[in-house]
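Asks: With the sequence up front, the predicted model follows.
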Amino acid sequence: MAEKRTDEDGCSEEINTTLSNVSPPESYSPSEDECLERAASQPDQDLKSVLVTSVLNLEELDIDLFRGTHHWVPRSRRLFGGQIVGQALVAAAKSVNDNLYAHSLHCYFVRAGDPKVPVLYQVDRTRDGRSFTVRSVKAIQHGQPILICQASFHMSQPSPLHHQFTMPEVPPPEDLLTVEELIHLVLSKADLAEKARIGLNKLLAEEVPIEIKPINPQHFYTLVPAEPKKMFWVRARGHIGEGNMKLHCCVAAYVSDYAFLGTALLPYPNYRAQFTASLDHAMWFHSTFRSDDWMLYECESPWAGSCRGLVQGRLWRRDGVLAVSCSQEGVLRVKPVTHSSKL
Ligand SMILES: CCC(=O)SCCNC(=O)CCNC(=O)[C@H](O)C(C)(C)COP(=O)(O)OP(=O)(O)OC[C@H]1O[C@@H](n2cnc3c(N)ncnc32)[C@H](O)[C@@H]1OP(=O)(O)O
């Protein structure tokens with residue numbers, strides 16, 4: 001099951017630490033009544049996304065200077081990287097003409113974000129060209145940068161060149177359970193250890209503004225080393241609506257950092273993350289998309305070593321169009337799982 005490591009890192013990674021010795025539920029197919037009950041308990045998808053009303057709604061303090069506040073803070077008590085990248089892209093986009101769209105960004109997380117104070121975003125108008133426009137954004141807390149970000153915007157242009165990989169074949173989101181539904185299934189087991197019950201209830205109480213449906217929830221229950229690859233459907237909770245492509249890119253920036261780095265830990269279930277944090281994050285936006293509609297996040301880690309891991313991801317639209325590519329390197333400090341540290 002996805003997607004938050006519950007120990008010190010708090011960087012929204014796997015929750016398999018919590019579930020690592022919980023046996024998976026029996027194979028499950030919901031009855032019609034359960035489906036109706038489940039639909040009734042879903043948060044109203046028509047409500048405006050908190051990502052739009054709050055997280056990405058920056059306050060303008062001066063020309064090219066903005067202030068952002070926090071919504072969900074991971075258990076590590078350091079700010080969620082996706083939030084900082086998303087807010088930095090909002091700040092950059094504010095000084096860019098409406099006919100230009102974000103096509104890429106490159107960021108370094110240079111200090112941990114402090115959840116106790118807001119973040120200031122200072123934009124430098126690096127260059128305005130005929131087709132491309134570049135902005136450099138510094139996210140600042142306590143007078144020091146926590147993130148440096150370069151974002152580039154492009155005027156959409158016709159081109160005879162076009163190719164993309166083919167989207168993997170996976171079950172549609174309607175046939176899969178959300179992370180919360182999977183947790184409820186585990187919680188319904190009478191023989192669940194108390195510590196696991198507490199950990200899972202804490203996870204349920206978190207207000208992550210993203211919905212996730214893992215393609216293969218079984219592999220989150222097991223201690224068997226797995227290939228460093230995973231896929232899940234993901235979307236912003238709540239309604240955003242069509243039209244504002246710049247905003248959808250900022251939401252995608254938020255979403256893309258969630259549960260991404262944990263892909264590099266999949267081959268090592270016998271190690272527990274002591275400290276993980278993203279070091280850098282890069283994105284390329286290829287097509288229009290709706291970040292409040294299900295997108296398939298295909299994640300893989302081609303390399304780990306020297307206490308670091310590289311992850312690469314693709315966000316696919318449901319109709320098979322490749323919408324976004326992402327890359328990230330993170331620090332991965334782990335220690336072996338001992339029997340006593342298991343649930
Ligand atoms: C989903 C992913 C996310 O959202 S993560 C959130 C976004 N990313 C971040 O917040 C990362 C921000 N960047 C940083 O915090 C720094 O650049 C990091 C990555 C920590 C740089 O590391 P470093 O240069 O080692 O920093 P530092 O000297 O301040 O130490 C931080 C803590 O790490 C420890 N550390 C350091 N080196 C080692 C080592 N070789 N082996 C073991 N531990 C090491 C330091 O002691 C320090 O620990 P502590 O904070 O004092 O407990």
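Replies: Perfect, thanks for sending it.
Asks: Can you give me the distance of the spatially closest residue to residue 111 that is not a sequence neighbour to residue 107?
Replies: Distance criterion Cβ to Cβ, 6 or more residues apart in numbering; nearest residue to residue 111, sequence neighbours excluded, is residue 146 at 4.5 Å. Quick note: C-beta positions are derived from backbone N, CA and C, even for glycine. Taking Cβ to Cβ, to the nearest Å as the measure, residue 146 falls 11 Å from residue 107.
Asks: and those two? which has more neighbours close in?
Replies: Neighbour count, other Cβ atoms under 10 Å: between residue 146 and residue 107, residue 107 has more, with 26 against 22.
Asks: Need the contact partners of the host helix or strand of the more buried one.
Replies: Using DSSP states H and E, the element containing residue 107 is strand 100-109. The contact list for strand 100-109 (Cβ atoms under 8 Å, 6 or more residues apart in numbering) reads 81, 84-85, 88-89, 92-93, 133, 146-156, 245-246, 249-250, 253, 277-285.
Asks: Please list only the buried members of those.
Replies: Buried subset of those (neighbour count, 16 or more other Cβ atoms under 10 Å): 81, 84-85, 88-89, 92-93, 133, 146-154, 245-246, 249-250, 253, 277-285.
Asks: Okay, helices next: where are they in the stretch 101-250 of the chain?
Replies: 179-187, 194-205, 245-256 (DSSP state H, counting those that start in this stretch).
Asks: Nearest to residue 217 among the ones you listed would be which one?
Replies: Of all these, the one in closest proximity to residue 217, counting by Cβ to Cβ, is helix 179-187 (5.3 Å).
Asks: What residues of that closest one count as buried?
Replies: Result for helix 179-187 [16+ other Cβ under 10 Å]: buried residues 179, 180, 181, 182, 183, 184, 185, 186.
Asks: Columns distance to residue 303 and pLDDT on top of the residues you listed, output as JSON lines?
Replies: What follows is the buried residues of helix 179-187, written out as JSON lines (distance: Cβ to Cβ, whole Å; pLDDT from 0 to 100):
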{"residue": "179", "distance to residue 303": "27", "pLDDT": "93"}
{"residue": "180", "distance to residue 303": "32", "pLDDT": "94"}
{"residue": "181", "distance to residue 303": "34", "pLDDT": "94"}
{"residue": "182", "distance to residue 303": "29", "pLDDT": "93"}
{"residue": "183", "distance to residue 303": "31", "pLDDT": "92"}
{"residue": "184", "distance to residue 303": "36", "pLDDT": "93"}
{"residue": "185", "distance to residue 303": "34", "pLDDT": "91"}
{"residue": "186", "distance to residue 303": "32", "pLDDT": "89"}
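Asks: Can you list the low-confidence ranges for the chain?
Replies: 1-45, 219-222, 339-343 (pLDDT under 70).
Asks: so the most centrally placed residue in it, which of the three states?
Replies: Closest to where the C-alpha atoms of the chain average out (Cα atoms, centre = their mean) is residue 258, at 2.1 Å. Here residue 258 is recorded as coil under DSSP: H, G, I helix; E, B strand; the rest coil.
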